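> 3D model of this:
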Amino acid sequence: MRKLNLGLFLSLMNIILFEDLDFRNHLKPLTLTRPIGMLRVGILTIKEKWENRLNLSVSLDTEEYLQTKYPLILKEENVFINSSFLPTPALIDLIKNLKPGQVIASGLEIVAYISDARKSAQELGKAPEIIELEPEDTFSIKHLPDLFLNNGSQIEADFKLITAGRTSQEITDPYTKVYSEENIFLEEGVNIKAAVINAEEGPVYIGKDAVIQEGAVIIGPVSIGPEAKVAYGAKIRQNTTLGPVCRVGGEVGNTIFHAYTNKAHDGFLGNSYIGEWCNLGANTNASNLKNDYSEVKLYDYHTDGMTPTGETFCGTFMGDYSKAGISTMFNTGSVVGVSCNVFGAGFQSKLIRSFTWGGAAEGYEPYRFEKAIEVINATMSRRKIELSEEDLLILSHINEQKITNEV
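Numbers count the residues shown, from 1 in each chain. This is a model prediction of the structure:
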């Protein structure tokens, strides 16, 4: 049989991002509504990173209730890649040279292998040849804080990938002040007025048709997604990502907004991740540092308990479709589930489970599913988008699991 060129060999392969169940549980509530591979870190989602770097389509091997929306494409021969691992030049080179029978590993964790079907870690541990990924070439998302901890470096890596060989649109507004303009990239249709953009310490990427309003200050590394809006007087600090069609104001640092989420008014948010279709009311604030500067503990769905993060700075993690009323206050290290409606005086509970309605002062109660869906549809209709049947089934599953205390 004629030996294939390695590039051709890879082009004939089917790429699948598989999930480690432990990591998937650690990353809830964000992974309640999506596979790990659909999490955004930097400018792109993990799936988009692999597709761009391999120049191939990628499918996702995830839980059954998500597969209607995220179907698995399985062929006779597939490259399985652990979706918690982010692409690096060294890892990509190893994958491009990967052969049947070989397994790429990082310590006890399986990173990649070739097979006709998903295999267990126990099976793969007996592979004829195990290739170790060096620690300096390993960047992974296994716990919630890993998202904001890697966001700055991932903005820089994605920036290089997206802008290579391309020319930025010009900043034409005479009242906008820029520093290190060579590190700023604007896609078509960007509208900037009287802003300050400082890219001395990291790049600033501004997506197609994004709007930067008067008085905004942006300090890179930062990514502003397509059709996103930075509000009047906003302070967007380092290592922050605004996903597509987000509206963000106030003071934000080291935080990721997945997509279609609003924090349009004043209030502080740091070291956090806010899911899709969320809304934070005016003057919502989230603590990211304890008064005694001690290590932050965070609720972990995998252990069903508060777990040390190893971090001094750690804010709020909010699942999709959740909302916070005016002047809501979140504790350091808070976890808010999917489709919650939180409001009222005082610091909210550090764990608010999915489909919860109320607040610390008024008390929490189950959020009636039909009402929650009505609110989601009303929110999405403002963007002329409808809740899909696939999303409705996912939400129904999460609600049922919540009722049985499984999420």
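> helix or strand right after whatever helix or strand Phe185 lives in?
Secondary structure from DSSP states H and E places Phe185 in strand 184-186. Next helix or strand after strand 184-186 toward the C-terminus (DSSP H and E): strand 191-192.
> what's the helix or strand following that next one in contact with?
Where DSSP H and E defines the elements, the next helix or strand beyond strand 191-192 is strand 196-198. Contacts with strand 196-198, where a contact means C-beta atoms under 8 Å, 6 or more residues apart in numbering, come from 171, 176-180, 184, 204, 212, 216-220. Quick note: C-beta positions are derived from backbone N, CA and C, even for glycine.
> Compare these and tell me which has the most neighbours.
Using other C-beta atoms under 10 Å as the neighbour criterion, Ile212 leads the contacts of strand 196-198 with 30 neighbours.
> how much space between Phe148 and Ala372?
In this view, Phe148 and Ala372 are 27 Å apart by C-beta to C-beta, to the nearest Å.
> Specify which residue of the two has the higher count of neighbours.
Taking other C-beta under 10 Å, Phe148 and Ala372 do not tie; Phe148 has more neighbours (26 against 23).
> tell me the contacts of that one?
By C-beta under 8 Å, 6+ apart, the neighbours of Phe148 are 239, 254-256, 271-273, 315.
> which element is it on?
helix 145-149.
> quick one: contacts of the very next helix or strand once past that helix?
Later in the chain than helix 145-149, the nearest helix or strand by DSSP H and E is helix 151-163. Helix 151-163 is contacted from outside by 41-44, 49, 52-53, 86, 139, 185, 202-203, 205, 220-223, 238-241, 254, 256, using C-beta under 8 Å, 6+ apart.
> and with 6 Å instead?
41-44, 52, 185, 203, 205, 221, 223, 239, 256 (C-beta atoms under 6 Å, 6 or more residues apart in numbering).
> Repeat that for stretch 51-67.
With C-beta under 6 Å, 6+ apart, stretch 51-67 has contacts from 15-19, 35, 37, 47, 50, 70, 72-73, 87, 92, 161, 397.
> what about that stretch, start to end distance?
From the first residue to the last, stretch 51-67 extends over 19 Å; the measure is C-alpha to C-alpha, to the nearest Å.
> could you pull out the helices for this protein?
Ranges of helices within the chain are 6-11, 21-26, 46-54, 89-96, 121-124, 145-149, 151-163, 369-381, 389-403, based on DSSP state H.
> nearest to Lys290, of those helices?
helix 145-149 (14.5 Å; C-beta to C-beta).
> Mind checking the pLDDT average for the closest one?
In this model, helix 145-149 carries a mean pLDDT of 98.
> got it, and stretch 165-175?
The model assigns stretch 165-175 a mean pLDDT of 97.
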